[in-house]
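# Give the three-dimensional model of this entry:
(one chain, ligands or ions: 2)
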Amino acid sequence: MKLLFLGTGAADWSLEVQPDPEYRRFTSTLIDGTLLIDPGPHVLDAIRTFGVDMKGIKYVINTHRHSDHYNEDSLHALVENGAEFIDFKAGDKKQVGKYFIEAYPANHGKIETAHFFISDGEKILFYGLDGSWLMPDESYGLVKKGVDYAILDGTLGDVLGDIRIIEHNDLGMIRELVGALKPYVKRFCINHYAKQYFPTREVTDAFGKALGVDTTFDGLEREI
Ligand SMILES: [Zn+2]
Ligand SMILES: [Zn+2]
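Ligands and ions are numbered 1, 2, ... in the order given. Below you'll find the predicted structure:
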């Protein structure tokens, strides 16, 4: 399974795409060039910038309707180019092309949010953002299935007192989650970084190294 991180930032990065190499688009991920998670407002720019064949994108799914993850114009353009939007509600299990996808409810404030287990028959990816901690059902799902790669919400830094902790992880929480779930997950990755705490890739990578988890940047490809 090949991941292309089209965008890796939380909602505090600017809506206008910046030429700055440290700039992050809003979080969106493309799997094997065919399955796109979250048609946010930066997706079309990322597709152009990273040379993605737009007609190769067959399916679009969405974690939740926050404006950094879901944009009508982006979705419309993807559908115009032949993609099918498959709406998932937490609890749904669907075969989408060669992928079996299960959606679990996430703890992400008031807006209904799904985290996904995505299996291609060989590998299982857990896509756990946005959200604060993990809900019991998805945690037990991880324990029961065992997954190859788990992407967790890494919005907040090593800080105390940020109210966004209601809806997002900080690094202390990630340390706890990774420590507890390590036997069931081959490799962890944090993604969806707030600009406030992760202004540069150097800072982000240092946190990843300290926690023993992968980090991301826009345009990164990773085979899992
Ligand atoms: Zn977000
Ligand atoms: Zn959100």
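# use CA for all of it now, contacts and neighbours both
Will do.
# so what's Leu152 up against?
Tyr127, Gly128, Leu129, Asp130, Ile174, Phe188, Cys189, Ile190, Asn191 (Cα atoms under 8 Å, 6 or more residues apart in numbering).
# Buried subset of those, written for ChimeraX?
For the buried members of the contacts of Leu152, the matching ChimeraX selection, counting by 16 or more other Cα atoms under 10 Å, is:
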select :127,128,129,130,174,188,189,190,191
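# what are the ranges of the helices in this structure?
In the chain, the segments counted as helices under DSSP state H are 43-49, 72-80, 136-145, 171-181, 201-211.
# between the third one and helix 171-181, how many degrees?
Spelled out, it's helix 136-145. Calculated by axes from the mean of the first three to the mean of the last three Cα atoms, to 10 degrees, helix 136-145 forms an angle of 40 degrees with helix 171-181.
# Need the helices of the chain in CSV (columns: mean pLDDT and distance to Gly157).
Output for those, formatted as CSV (pLDDT from 0 to 100; distance: least, Cα to Cα, whole Å):
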stretch, mean pLDDT, distance to Gly157
helix 43-49, 98, 25
helix 72-80, 98, 30
helix 136-145, 97, 22
helix 171-181, 97, 6
helix 201-211, 96, 8
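# Distance to Phe88 for the ones you listed - can I get that in a markdown table?
Conversion of the helices of the chain to a markdown table gives the following (distance: least, Cα to Cα, whole Å):
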| stretch | distance to Phe88 |
| --- | --- |
| helix 43-49 | 19 |
| helix 72-80 | 15 |
| helix 136-145 | 15 |
| helix 171-181 | 25 |
| helix 201-211 | 30 |
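# Which one of those helices lies nearest to Lys123?
Lys123 lies closest to helix 136-145 among the helices of the chain, at 10.9 Å (Cα to Cα).
# Could you check the pLDDT of Leu160?
Looking at Leu160, its pLDDT is 89.
# Number of residues surrounding it?
Residues lying near Leu160 (other Cα atoms under 10 Å) number 10.
# Could you measure from it over to Glu167?
To Glu167, Leu160 is 14 Å away according to Cα to Cα, to the nearest Å.
# Same check on Glu84?
29 Å.
# Between these two, which has more neighbouring residues?
Glu167 (20 against 17).
# Hmm, that one is touching Ala106, no?
No - applying Cα atoms under 8 Å as the test, Glu167 and Ala106 come out as separate, 9.5 Å apart.
# Which neighbours do the two have in common?
Common neighbours of Glu167 and Ala106, using Cα under 8 Å, 6+ apart, are Asp130, Gly131, Ser132.
# ok, now which ones touch the last one?
Contacts were defined as Cα under 8 Å, 6+ apart; by that measure Ser132 touches Ala106, Asn107, His108, Asp153, Ile165, Ile166, Glu167, His168, Asn169.
# hang on, the earlier thing: can you list the contacts of Leu152 in a markdown table and add distance to Glu16?
Shown next, in a markdown table, are these (distance: Cα to Cα, whole Å):
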| residue | distance to Glu16 |
| --- | --- |
| Tyr127 | 26 |
| Gly128 | 26 |
| Leu129 | 22 |
| Asp130 | 21 |
| Ile174 | 30 |
| Phe188 | 30 |
| Cys189 | 26 |
| Ile190 | 24 |
| Asn191 | 20 |
